[in-house]
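K.L.:
Take this sequence and fold it.
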Amino acid sequence: MRALRQWADQHNVELLHIQPGKPTQNAYIERFNRAFRTEILDRYVFITLHEVRCMIED
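P.N.:
Coordinates of the predicted model:
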């Protein structure tokens, strides 16, 4: 987390956190996460982390 804060400071990026129980504060990311899980991660059986990374890159 410290590295993220340092990077954000160097690039003038303000970090904002979503309040617990309030996923609608960042609905775009919540939608992406759901679509990514259902369209990629839930469709295939992965044996290794390398397989997951290769699939994501494609």
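
K.L.:
could you measure the most far-flung residue of the chain relative to its centre against Glu30, distance?
P.N.:
Distance from the centre of the chain peaks at Gln10, with 21.6 Å (Cα atoms, centre = their mean). Gln10 sits 28 Å away from Glu30, going by Cβ to Cβ, to the nearest Å. (C-beta placed from N, C-alpha, C; glycine too.)

K.L.:
Nearest the geometric middle of this structure, what residue?
P.N.:
Note: the chain centre (Cα atoms, centre = their mean) maps to Asn33, 6.5 Å.

K.L.:
quick one: the helix or strand hosting it to chain centroid distance?
P.N.:
Here Asn33 sits within helix 27-36, counting by DSSP states H and E. Offset of helix 27-36 from its chain centre (Cα atoms, centre = their mean, to the nearest Å): 9 Å.

K.L.:
cool, stretch 28-45 as well?
P.N.:
How far stretch 28-45 lies from its chain's middle: 10 Å, per Cα atoms, centre = their mean.

K.L.:
Distance of the residue farthest from the centre of the chain relative to Arg2?
P.N.:
Distance from Gln10 to Arg2, by Cβ to Cβ: 13 Å.

K.L.:
now Val45
P.N.:
36 Å.

K.L.:
And for Pro23?
P.N.:
26 Å.

K.L.:
and these two? which has more neighbours close in?
P.N.:
Neighbours were counted for Pro23 and for Arg2 using other Cβ atoms under 10 Å; Pro23 has more, 14 against 6.

K.L.:
what's near enough to touch the more buried one?
P.N.:
Glu30 (Cβ atoms under 8 Å, 6 or more residues apart in numbering).

K.L.:
from here on, count from 28
P.N.:
Yep, numbering from 28; the last one is Pro50 now.

K.L.:
State the pLDDT value of it.
P.N.:
Model confidence at Pro50, given as pLDDT, is 77.

K.L.:
same thing with Arg32?
P.N.:
Arg32 is given a pLDDT of 93.

K.L.:
Could you give the secondary structure assignment for it?
P.N.:
Put simply, Arg32 is helix when judged by DSSP: H, G, I helix; E, B strand; the rest coil.

K.L.:
got the contact list for the residue nearest to it when sequence neighbours are not counted?
P.N.:
With sequence-adjacent residues excluded and distances taken as Cβ to Cβ, 6 or more residues apart in numbering, Arg32 is closest to Leu42, at 6.9 Å. Counting by Cβ under 8 Å, 6+ apart, Leu42 touches 31-32, 35.
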